[in-house]
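Engineer: When you get a sec, could you give me coordinates for this:
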Amino acid sequence: MPSNVYRCLILVVVVLAAAGSSASAADKAAAKPAFQRRGLYLHACWNYNYPFAIRTWQAKDYHNMFQLLKQLGFNTVMLWPCLEAVPAPISAADREAVGAFRPIIADAQKCGLECWLTTCVVTSNPKIAAKPLMDRALYAHKIDVRMDHPQEAAAYLRHRTELLAMVNNADGYVLIDGDPGGYAGAKAADFVKVLLADRKTIDRVGTHPKTQKVIPWIWAGWGTKGIWGEPIEPFVVATLEAIKRQMPEPWELLPGRSHEWQGNRRINMKLTQEAGLLDRSTLLFYEAIEFEPSLPAAKLQLADVRDYMKKEKTLLAGSRGCFGNVQTPIMVLPNIYFFARCAQDPRYVDRPNDKILADAARFFGGPPELLVPAWSCLELSLDKLAADLPEKLRAAHLVGKPAASLPGGPERYLNILACQMDSRLRVLRACQHPAKTPEEAAAAIAEGTAALVAWWKTHGFGGLTQEGNEPFQWGYVSAGEVAPLKAWCAKNVADPKLVAELAVAKIVARGVLTKPVATARVAELLKR
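Structural biologist: Numbering: from 1, shown residues only. The predicted structure is shown next:
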């Protein structure tokens, strides 16, 4: 055999051996994750179309998501069944709806995940019960409970006990200290009173009470005059001290933080450490993966995940691990992937964004040349987006095992990405050239509006307090999607009144919006 063939064979063996060694090292790293707890909170309060909203999922969708979380390396999932939207007395329909979460919890556990349930000290006006539980808009009917009013508190705790008894198989019961819930002047002892009541309930009716935990979620400061209306430090300190003194085992802590420019910033992280409770805590990195309330869109927050992980590196080392949260998980898969990889191995935090996205594409078994620009579409200009990308996405396949676990299925997921791409391309094309006449300006506005309405009809977000059938508003699509159209109008509309009349006529003629809605939306778009 010629010597050059021998050299080629030797080279192949060396490369394969190196690849095997690298894969083995990666497998070992994955088998020994950096943090004891790696969790994801599936926030189910807001409503969207299926499969965007968690609250629209069926048992099979939860099962798929649990399988996906396990493959991503998570070991804990937290659910919000919106028990707060079940008023007293509990109807037969509500008993059935709440009871349906028991097998979902059990399924998460069978998939190898701890399952936590989260609740707030909130109840609802009884008229909310006229709709099925999953169709209710909690924030339109919620009532904050006064724990300092004995009769009201006693009635609420009886109702709460009855609800928790229906879902008595969770591994943890999380109670948030505000947003929603709470009232000005509330005392830390009142918050702990609810925690203690939950402990008694689980000890009495829980399926495995010796290991079922009660978990205070430290967030907004129990007792403030209003969410973020005053410094939360005195309230958080008092709550942590009361918990330390009174909480019976078993319990953990879930201190949360938001971005450093809003809300509680890093305050709860710092105060938890100072209280000596870090070793009991899983750190909740709220909005690192997805902002809330989430307007469904393919939006990247890799920089936010990276920032949280780096800023809390020292605290993470002394904690039990980290939690992320999502509202529209299928729209932020790359962010979830990055968060999961960092929770497994903090060294991954420094991986460049393009490589993270390529890794995520390979994880789902899809072509990076299609998925990466689709995931990045809100950050790319028209010249960086292929005109046939939506068509290619619809014709593509996700062949990785994790893709089979996407709620709604991989084909629907690719079609959703294609719909997002269709909308984005149409908006960017409408704003591609300056308008030479009012007619051209109106045509661009009509096309951009039609594109955004089409995407909105795909995901169906209708606001925080709405209950369905609301007319389109600009706030129902993300600011990044509307921004090109707004900026273009500011530069190209010299006669707002005339252009508005022409644009409304075109929008109505196309059947995109009714005349009253189109008139209002165009006026908002051209407002200066």
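
Engineer: can you pull up the bridge partners for the residue nearest in space to the middle of the chain?
Structural biologist: When CA atoms, centre = their mean is applied to the chain, the residue found nearest the centroid is Val326 (1.5 Å). Taking DSSP bridges as the rule, Val326 bridges to Leu42.

Engineer: just for this structure, where's the confidence low?
Structural biologist: Along the chain, segments meeting pLDDT under 70 span 1-31.

Engineer: Look at Glu312 and say how many residues are nearby.
Structural biologist: The local packing of Glu312 (other CB atoms under 10 Å) involves 18 other residues. In this view, the C-beta of every residue, glycine as well, is placed from N, C-alpha and C.

Engineer: wait, what's in contact with it?
Structural biologist: Arg257, Arg266, Met269, Leu283, Phe285, Cys322 (CB atoms under 8 Å, 6 or more residues apart in numbering).

Engineer: 6 Å - rerun?
Structural biologist: Leu283 (CB atoms under 6 Å, 6 or more residues apart in numbering).

Engineer: Let me see the ranges of the strands in the stretch 151-300 of the chain.
Structural biologist: Secondary structure of the stretch 151-300 of the chain (DSSP state E, counting those that start in this stretch): strands located at 172-176, 213-218, 254-257, 282-285.

Engineer: next helix or strand past the last one?
Structural biologist: In this case it means strand 282-285. Heading C-terminal from strand 282-285, the first helix or strand you meet, by DSSP states H and E, is helix 302-311.

Engineer: Export that following helix to CSV, keeping only CA atoms.
Structural biologist: Only the C-alpha atoms of helix 302-311 are listed here, as CSV (Å, rounded to 0.1, in the frame of the first residue of the first chain):
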residue,chain,number,x,y,z
LEU,A,302,-28.0,35.5,24.8
ALA,A,303,-26.4,38.6,26.2
ASP,A,304,-28.9,38.7,29.1
VAL,A,305,-28.3,35.1,30.0
ARG,A,306,-24.5,35.7,29.9
ASP,A,307,-24.8,38.8,32.0
TYR,A,308,-26.8,37.0,34.8
MET,A,309,-24.5,34.0,34.8
LYS,A,310,-21.4,36.2,35.1
LYS,A,311,-22.8,38.7,37.6
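
Engineer: List the buried residues of that helix.
Structural biologist: Leu302, Asp304, Val305, Arg306, Asp307, Tyr308, Met309 (16 or more other CB atoms under 10 Å).

Engineer: In stretch 130-146, which of the residues would be classed as buried?
Structural biologist: Residues of stretch 130-146 classed as buried: Leu133, Met134, Arg136, Ala137, Leu138, Tyr139, His141, Lys142, Ile143, Val145, Arg146 (neighbour count, 16+ other CB under 10 Å).

Engineer: Go through those residues and name the one nearest Gly408.
Structural biologist: Met134 (16.1 Å; CB to CB).

Engineer: count of neighbours near His459?
Structural biologist: The burial count for His459: 23, using other CB under 10 Å.

Engineer: I should have written Val194 there, sorry.
Structural biologist: The number of residues packed near Val194 is 24, by other CB under 10 Å.

Engineer: Could you pull up the contacting residues of it?
Structural biologist: Taking CB under 6 Å, 6+ apart as the criterion, Val194 is in contact with Val121.

Engineer: what about it, distance to Leu133?
Structural biologist: Val194 is 22 Å from Leu133, where distance means CB to CB, to the nearest Å.

Engineer: residue ranges of the strands in the stretch 301-450 of the chain, please?
Structural biologist: For the stretch 301-450 of the chain, the strands defined by DSSP E, counting those that start in this stretch occupy 321-326.

Engineer: isn't Leu240 right next to Gln273, touching?
Structural biologist: No. Using CB atoms under 6 Å, Leu240 is not in contact with Gln273; the gap is 10.5 Å.

Engineer: The residue nearest to Lys311 when sequence neighbours are not counted: how many residues sit nearby?
Structural biologist: Distances taken as CB to CB, 6 or more residues apart in numbering place Arg266 nearest to Lys311, at 7.1 Å, with adjacent residues excluded. For Arg266, the count of nearby residues is 15 (other CB under 10 Å).

Engineer: give me phi/psi at Arg266?
Structural biologist: Taking degrees, to the nearest 10, you get phi -110, psi 10 for the backbone angles of Arg266.

Engineer: Surely it and Ser258 touch.
Structural biologist: No. Counting by CB under 6 Å, Arg266 sits too far from Ser258 to count as a contact (8.9 Å).

Engineer: returning to that earlier point: got the buried residues of stretch 130-146 as TSV, with distance to Asn75 and secondary structure columns?
Structural biologist: Shown next, in TSV, are those (distance: CB to CB, whole Å; DSSP: H, G, I helix; E, B strand; the rest coil):
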residue	distance to Asn75	secondary structure
Leu133	28	helix
Met134	27	helix
Arg136	31	coil
Ala137	33	coil
Leu138	29	helix
Tyr139	31	helix
His141	35	helix
Lys142	32	strand
Ile143	36	strand
Val145	33	coil
Arg146	38	coil
